[in-house]
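Trainee: Build me a structure from this.
(2 chains)
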Amino acid sequence: MNSVNVQDEKFYSGKSMSKWWRRAGLRAANVSLGLIIPSVILTVWLLDGFFHWLPSALIPTPREIFIALEVWSGHGAERYHQLFYWNMLASDTSITLIRLSIGFVLAVFIGVGSGIAIGMSPFADNLLTPTFRVLGPIPPITIFPLAIILLGLGSQTNIFLTFYGAFFPIMAASATAVASVPRDFLRAGRMLGYSGFHRIILVVLPSALPAIIGSIRLGLGLAWMMEVTSEMMGVHSGLGYTMWNAYNYFDYSEVYAAMLVIGSCGFASDYIVRLITKKSVAWHEQTGVRGS
Amino acid sequence: MNISRRTFITNIAIAGVSLALPPIVYGATPKPKLTVGFLQGANSVAITLLGRFMPNYQVSYRSFSDISTITAALTENDIQVAQNIYTAFLGMVSKGLPVSAVSGQCNGGSDLVVRKDLLIPPGSWQDLKKVITEYKAKGKHFRIASFFGSVQDIELRLLLEKMGITVNADVHLINVPYPGMSQAMASGAAEAAAPVQPFGVEMELSGLASHFVYPYDQPAGDLTNLVLMADPYISSSPAVFKDVGTGMIALTEYLKTTEGQHLWGQVVAKYSNVSSKAIDLTLEQLTPSYTLPIQKMLSMGDAMAKYGFLDKPISKEQLLQHIHYAPA
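Mentor: Reported below is the predicted structural model:
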């Protein structure tokens, strides 16, 4: 898609203007489409607050969640100032994002790297795949005791568990994507005189990239789950820490507020990954099903 | 004896139909069903013996792994009786959840253990403080593994405060679930831990830690477990509520007897994979009790509010609204 240059004189001409409006209209329609399900959920939720279909003691109203968010961000009535999460939203969010980013970036680099190696080399496949197949299905949270022994308590353990959660799907999907690159592409690369390394960078990687990016987005979701879960143990800060404490003391408004923040951060981080990777797979969008 | 095939089939059919018929058809009154939920742990599993003391009910049991899920099941009437911990109950009271305490269950079972290589003699606060000071002088934190949200965590905070040790300034509490405490101690990630039994006993038996003190010398005492029922269920089934209260009194008294202790040990062994020695040492530290001490509960509520887990302390009036305690 070409971007609209507002400095361009043509932009102000009737044709470009109508194109701009058409594009804006399309975007607004897309955003509206994405808002349908959240709006339905919110409406049912608000109605529930009125009619009490669900146990009101366990399902807070949107207003109660808003108050919890206010307290968490350092506002709200003075009576809430002694709560352990008062004014902690910014620091909880930032520390979680830092841990998540480190664990996730490590998972991307090591996962894609090993995926390429397994996908291209039968030796690497035979060496690594059996071990990964055994380790992959183990829920990361069950290795928490082992992680404590190896790494101690603290952020390093959270980062490791986040890495562990995201690594296997990224590695497995990357290996499959690389192994599926048509042999003709490699032959073409060889004919163009590309060496082994250049063949990976210029032929294999671009061809496998759409599937690798899909696995990265999947890995990001799992990284979020693992980061939040692992913060329920061994650390003093983070979104998972606050959510777990609130859960243990029946502060469901705060639990739901934390869910909302985690969901929003997950959405934003996925959007950022999409933005970063959009250009590199633009060709795929044009040639794929949606481009037809 | 020769029985024809026809007679044999007829007899089998009659027997099958008789077994399949509901008891009411042949005169017997069916026993009302009652589902009891309980948390995992040596203190908690004793409640699976309640059925012996409620012979007029068909009692079944469901195990839960966390306090919030068991509470949700109670308020949804998936279970009618829930064993839970006092900190959870006070959290429910502060949020106005429609549940009430109907009986105490079992107290005690908390421990404060220290890493063995620190060589701190049991009960010597002077030595513990000395070690804490040394850690501070080296710019390190003295870390205590504590499971946030548990009774043991609140007992520990209250005890440290009483002994003049300030949380966050002198010692750091790290949120570690009970099963992870051994690893935390073994890896040197924590210098002390506040487990529930049998985890503390197991740490001591394995040589990882040594017992320092039972953290009961503070205003909340040794409160641990109690029994809850949902308010709407109590209103609709007052007879069941009364029978549960009566059954709990009989059960807690029975658990104090030799026979009761033996059976309790068997139940702990059934639900956990710990040695018989650890079970014996655990049971010695547990105190079955049906009472609901109001003042200790209020002290626990004060501590929870002080440490930011509740938005304000719980008043006596507020607490009494959530206590229904009227066994025959």
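Trainee: For the closest residue to chain A within the stretch 201-328 of chain B, report the pLDDT, please.
Mentor: Chain A sits closest to B:G308 of the stretch 201-328 of chain B, with a gap of 3.3 Å, by C-beta to the nearest C-beta. Every residue, glycine included, has its C-beta placed from N, CA and C. Note for B:G308: predicted pLDDT of 88.
Trainee: who's in contact with it?
Mentor: A:82-86 (C-beta atoms under 8 Å, 6 or more residues apart in numbering or on different chains).
Trainee: secondary structure element for the residue in the stretch 51-200 of chain A that chain B sits nearest to?
Mentor: Per C-beta to the nearest C-beta, the residue of the stretch 51-200 of chain A with the smallest distance to chain B is A:F84, at 3.3 Å. In the assignment (DSSP states H and E), A:F84 maps to no helix and no strand.
Trainee: okay, now it: neighbour count?
Mentor: Using other C-beta atoms under 10 Å in any protein chain shown, A:F84 has 17 neighbouring residues.
Trainee: does the residue nearest to it when sequence neighbours are not counted sit in a helix, a strand or a coil?
Mentor: In space, and not counting its chain neighbours, A:F84 is closest to B:G308: 3.3 Å by C-beta to C-beta, 6 or more residues apart in numbering or on different chains. Look at B:G308: counting by DSSP: H, G, I helix; E, B strand; the rest coil, its state is coil.
Trainee: try the one 10 residues further on
Mentor: Secondary structure of B:Q318, reduced to three states by three-state DSSP: helix.
Trainee: all helices for chain A, in order.
Mentor: Taking DSSP state H as the test, the helices found in chain A are A:14-51, A:62-72, A:89-120, A:122-135, A:144-151, A:155-179, A:183-191, A:196-199, A:205-230, A:239-248, A:252-278, A:282-287.
Trainee: Quick one, which of the ones you listed gets closest to B:G139.
Mentor: Closest to B:G139 of those, according to C-beta to C-beta: helix A:155-179, at 18.6 Å.
Trainee: pLDDT of the closest one, averaged?
Mentor: Mean predicted lDDT for helix A:155-179 stands at 92.
Trainee: Can you name every helix or strand that it contacts?
Mentor: Applying 3 or more C-beta pairs under 8 Å, 6 or more residues apart in numbering or on different chains; DSSP states H and E, one finds that helix A:155-179 makes contact with helix A:89-120, helix A:122-135, helix A:144-151, helix A:205-230.
Trainee: residues in contact with the residue of the stretch 51-200 of chain A closest to chain B?
Mentor: By C-beta under 8 Å, 6+ apart, the neighbours of A:F84 are A:242, A:245, B:307-309.
Trainee: my read: B:Q58 touches B:V36, true?
Mentor: No - taking contacts as C-beta atoms under 8 Å, B:Q58 lies outside contact range of B:V36: 11.3 Å.
Trainee: higher neighbour count, these two?
Mentor: Neighbours per residue (other C-beta under 10 Å) separate B:Q58 from B:V36, with B:V36 holding more: 22 against 12.
Trainee: how close does the nearest residue to that one once chain neighbours are set aside get to B:I249?
Mentor: Of all residues not flanking B:V36 in the chain, B:V81 sits nearest, at 4.5 Å (C-beta to C-beta, 6+ apart). The span separating B:V81 from B:I249 equals 14 Å under the rule C-beta to C-beta, to the nearest Å.
Trainee: Comparing these two, which shows the higher neighbour count?
Mentor: Neighbours per residue, other C-beta under 10 Å: of B:V81 and B:I249, the larger number sits with B:V81, 27 against 17.
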